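1. Below is the sequence, then the predicted model.
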Amino acid sequence: MFSKNKISETNKSDPAADANKPAATMPPAATAPAAKPASSAAPAPAAPPKAKPPASALSTDLTITGNLKTTGDIQIEGKIKGDIRAHLLTVGEGATVEGEIVADDVVVNGRVIGRVRGLKVRLTSSARVEGDIIHKTIAIESGAHFEGSVQRQEDPLNSKSDTKPIPKTAT
């Protein structure tokens, strides 16, 4: 579309003045024929993503009797007697949970008495679990104490995915 000869011919008028100018500049329309003005080229900015709230922490001197439910994260250091449902649940080393745990991600450092359901379940070396674990993936560190059964399911969070108990036959 443009040739170097035409550009250099138009700039031959005053070589001294051209020494301080950048090489041939083209109008914006020539460099990007389909370009739109900057204000209309970008879509309206989306609302900034909401910051993830910090984990709820239950301290060592706290005892709760009742169920807990959140879409966020919970760090437990005290004692809970009830069921817990969360996104990420961390049971601290000195903590005790008596009830069912249902979470996307479960990390047990302390004691759990009851069923654990999670997409990812991790029992650290200081964990003590008495109950069944239903998981998609599981990690059990050396030194963890576990009494119960382990069952892998694709969707362990869905309570309808429970397997029916095997009926006892009369002898």
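-> Sure thing, it's come through.
2. drop to CA atoms for contacts and neighbour counts, all remaining ones
-> Will do.
3. ok, which stretches of the protein are strands?
-> Secondary structure of the chain (DSSP state E): strands located at 56-58, 63-65, 68-69, 73-76, 79-81, 84-91, 96-98, 101-108, 111-113, 116-123, 128-130, 133-140, 145-147, 150-152.
4. K50: which of these is closest?
-> strand 73-76 (15.4 Å; CA to CA).
5. Provide the strand pairings for that closest one, with the direction of each partner.
-> strand 56-58 (parallel), strand 84-91 (parallel) (DSSP bridges).
6. With just CA atoms, put the last one into PDB.
-> Which is strand 84-91. Extracted as PDB, the C-alpha positions of strand 84-91 are listed here (Å, rounded to 0.1, in the frame of the first residue of the first chain):
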ATOM      1  CA  ILE A  84     -20.200 -29.200  59.900                       C
ATOM      2  CA  ARG A  85     -20.600 -28.200  56.300                       C
ATOM      3  CA  ALA A  86     -17.900 -25.900  54.700                       C
ATOM      4  CA  HIS A  87     -15.700 -25.400  51.700                       C
ATOM      5  CA  LEU A  88     -12.400 -26.000  53.500                       C
ATOM      6  CA  LEU A  89     -12.400 -27.400  57.000                       C
ATOM      7  CA  THR A  90      -9.300 -27.600  59.100                       C
ATOM      8  CA  VAL A  91      -9.400 -29.400  62.400                       C
END
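7. how about low-confidence regions in the chain?
-> 1-48, 159-171 (pLDDT under 70).
8. Distance-wise, check the residue nearest to S149 when sequence neighbours are not counted relative to G143.
-> Spatial nearest neighbour of S149, excluding adjacent residues (CA to CA, 6 or more residues apart in numbering): D132 at 4.7 Å. D132 sits 18 Å away from G143, going by CA to CA, to the nearest Å.
9. These two: which is more packed in?
-> D132 (18 against 12; other CA atoms under 10 Å).
10. There's contact between V106 and L89 in this structure, I believe.
-> Yes: if you go by CA atoms under 8 Å, V106 and L89 touch, sitting 5.0 Å apart.
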